[in-house]
Every structure is written in structure tokens, then in C-alpha cells.
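[1] Fold the following.
(one chain, ligands or ions: 1)
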Amino acid sequence: MTRAPITRRALITGVTGQDGSYLAELLLARGYEVHGVTRDADEVVTDGVVAHELDLATDSAIAQLISDVEPNEIYNLAALSSVYQSWQNPALTARLNGAVVAEMLAAVKLIHDRGNTDIRFVQASSAEIFGAPNESPQNEETTVRPTSPYGAAKAYAHGLVGAYRTAGVAASSVILYNHESPRRPETFVTRKITAAAARISAGKQETLELGNMEAQRDWGWAPDYADALMRAAKHSKPDDFVIATGVSHSVRDFVAAAFERAGVDDWQDRVSVSETLLRTGDAALQLGDASKARKVLGWSPTVKFDEIVAAMVDHDLALLS
Ligand code: GDP
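    Numbering: from 1, shown residues only. Sure thing, here's the model as predicted:
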């Protein structure tokens, strides 16, 4: 007798975002039944995802949803994602990036304690938990010492994941360094730059204002980071994992590469620094050491800095034509 294949079920919060959409595609391609939390009916959800409308900012129904769906794997990607905006909305940041994680883990533990001990929880943590890091590169042992409301809330969630793991829940915290793609919104510096470079090359924009151009970030390719989240969920031993490329570039490097790709030579005359875009507590340099993920999860980045810049600029040029 042939048996129907057992379908694994995943629940993704933040399913309409950059990472959520890539992860949903990966899981659907592997035959998963994918459920996703969306804020409202207007959001575009990947085809095939079962959408559940729920505003995590005001609603505590996520625990009930977890209990109803009882997924094999839960990926928490919902967050107030902008470090800059976290200074404008620290309490909302605490709720979305912190308290919601407590609600989710409590719900997972209830299911675990009922006897389903294989339910997996994966938290999308962030390099921002290290604030202005006291060592370079950073790894899973680096001191957690955030310097923004965003980082502080993510640090709380990171600590919670560790606490629930100690209590027996299969929870992993994946410390993601910046990861980019054409699906990044322009609130992030990379997409702001590539969209501007494309518009300037097409004569639709004159200049670009940025904040700190000397900040150095470890930029990776977002689909690689979705793959890391899935690997963390699948691994038999939950843990903390840094996911990064191990190479950093300055915002200035990104600007130079993007304008070169867009065919604009005189970018030095077009780009200026605005004091209003400088940030409090902005790390000068982030650089991640993903050796543990390489060894334990078999993960490695597949797309290099120049290729990321090229893919994003080419996408933005194509949007204009
Ligand atoms: P984040 O690291 O998750 O906050 O990602 P961002 O892309 O928003 O910021 C990356 C770095 O770019 C930070 O060091 C910012 O201070 C710096 N940056 C410089 N100019 C800008 C800007 O105009 N917008 C944004 N979002 N970041 C900027």
C-alpha cells in the first residue's frame, strides 16, 4: 500500500516581507503547507500561502493561531524592521520585536508540554543585538549590548529563545546580518541607493541624500538568509547561529558600486550627507563570523557583494523601462 507523503506545516509571521516571501517560496517548493500571518487584507501574499489576518501590534491572537494550526515549524519574521523608526516608536518596537515573541514561545511551550516535543521555533534575530560591538568579527559568544530600541527588543527576544530552549523547547535564534534583494523597501539604504541610481541614470532624479556613508555593514543576499532559517529549523539541535558573509563594505562602497552599475560617473557631485539622516547609536562596523552555521548547518553565502548590487540596480533599471 502506498502512503500519501506526510506534509510538514510551517507558520511564518512577516510572510509578506522580503524574508517571509523568500522563505514561503522555499518551503512551498519543498511541499510544505505554509501558513502566514498578514496585517491586513491589502497585503500581497505569495500564491499558495494560507493567510491569517492578524495585527500583531494590537492583537494577542497569535497564541490561539499557533494552537489552532499546530505547525511543525514556526518562523518569527514579523518585526518593526527599521532601526531608525525604532527611535520614533520604541514602545511599538518593544511589543512587535519583544512581547509578541514571548506570546509565541509561551504558546509553543504549551504544545510542547502536551507531548508534541518536536515543534520547532525559529527567531529572526539581528546583528543589532550587539549594538556597537566590542569585537570583530562577531560570533554567537559576542556580548549582547544593544544601542537602539530595535536592538534592545531583539536582544530581549534572543534571551527569551535561550530561556525557552533551556526549558526544553526546540527554539533557535538566527542572528541575521543585513541581507538585501530587489524586494527590500527603500527605507533600507541599499534599495534607497539602487533605486536612486537607476532614476538618476534615467534622468528622473537629480541628487541623493544619505546619512552616515562611512558605516560598514556585512551585506548578504536575502534568499541565502531564508535558506539559513530553514536549515536552523531542520537541524536536530536548536541553537544560536550567526548568519553573515564575513565581508563588510561601507555605504560609500555601495554607492560607488551601484552608480557604476547604473552607468553614472559623476555620483560624487550627486550624493550628499544630511545631518537629519544620521542615527544615534549607529554601529560603525558590523562583521559576522558564520563559522558555526557553516559547520553545523552546512550553510554558506552564495552571492557576493558586487552581484547583490548588480541584481538590485538591474531590477530598478528594468522597473523604469
Ligand atoms: P539596518 O542596518 O538594518 O538599519 O539597515 P539600513 O539599510 O537602514 O542601514 C544600514 C546603514 O546605512 C546604517 O549604518 C545607516 O546609518 C546607514 N545609512 C546611511 N544613510 C542612510 C539612509 O539614507 N537610509 C538608511 N536607511 N540608512 C542609511
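[2] which bits of the stretch 151-300 of the chain sit near the ligand?
    Within reach of the ligand by Cβ under 6 Å from any ligand atom, the stretch 151-300 of the chain has these residues: 178, 187-190, 192, 210-212, 215, 217, 251, 277, 279, 282. Every C-beta, even on glycine, is put in place using the N, C-alpha and C of the backbone.
[3] run the last query once more with 5 Å
    188-189, 210-212, 215, 251, 277, 279, 282 (Cβ under 5 Å from any ligand atom).
[4] Which of those are buried? Put it as a ChimeraX command.
    The following ChimeraX line selects those of these that are buried, judged by 16 or more other Cβ atoms under 10 Å:
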select :188,189,210,211,212,215,251,282
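[5] Please tabulate the residues of the stretch 151-300 of the chain next to the ligand in TSV, including the columns pLDDT, secondary structure and distance to V309.
    Converted to TSV, these look like this (pLDDT from 0 to 100; DSSP: H, G, I helix; E, B strand; the rest coil; distance: Cβ to Cβ, whole Å):
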residue	pLDDT	secondary structure	distance to V309
F188	96	coil	13
V189	98	helix	12
L210	98	strand	15
G211	97	coil	19
N212	97	coil	19
A215	97	coil	16
V251	98	helix	12
L277	95	helix	20
R279	90	coil	22
D282	92	coil	21
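[6] Assess the claim that D314 and R261 are in contact.
    Yes: contact criterion Cβ atoms under 8 Å: D314 and R261 qualify, at 7.4 Å.
[7] Looking at the two, which one has more neighbours?
    In this view D314 and R261 are compared by other Cβ atoms under 10 Å, and R261 has more residues nearby, 21 against 15.
[8] Other residues contacting the helix or strand harbouring that one?
    Per DSSP states H and E, R261 falls inside helix 251-262. When contacts are defined by Cβ atoms under 8 Å, 6 or more residues apart in numbering, helix 251-262 is touched by residues 189-190, 193-194, 197-198, 200-201, 208, 210-217, 219, 249, 265, 267, 270-271, 305-306, 309-310, 312-314, 317.
[9] now swap in stretch 42-51 and tell me
    The contact list for stretch 42-51 (Cβ under 8 Å, 6+ apart) reads 12, 15-16, 21, 24-25, 28, 33-38.
[10] And for stretch 126-140?
    Here stretch 126-140 has contacts from 83, 142-148, 150-151, 154-155, 158, 175-178, 218, 239-242, 244, 246, 281, 283-289, 291-292, using Cβ under 8 Å, 6+ apart.
[11] residues contacting V303?
    Counting by Cβ under 8 Å, 6+ apart, V303 makes contact with 220-221, 223-224, 311.
[12] do the same with S181
    Neighbours of S181 in contact, by Cβ under 8 Å, 6+ apart: 18, 22, 221-223, 308, 311-312.
[13] Let's see which of the residues you listed end up in helices.
    18, 22, 222-223, 308, 311-312 (DSSP state H).
[14] Separate out the buried members of the residues you listed.
    18, 22, 222-223, 308, 311-312.
[15] hmm, back to that, which ones among the contacts of stretch 42-51 are found in strands?
    Among the contacts of stretch 42-51, DSSP state E puts 12, 33-38 in strands.
[16] can you pick the most crowded of the residues you listed?
    Ranked by the number of neighbours (other Cβ under 10 Å), the ones in strands among the contacts of stretch 42-51 place I12 first, at 30 neighbours.
[17] Which pLDDT value does the model give that one?
    With respect to pLDDT, I12 has a value of 98.
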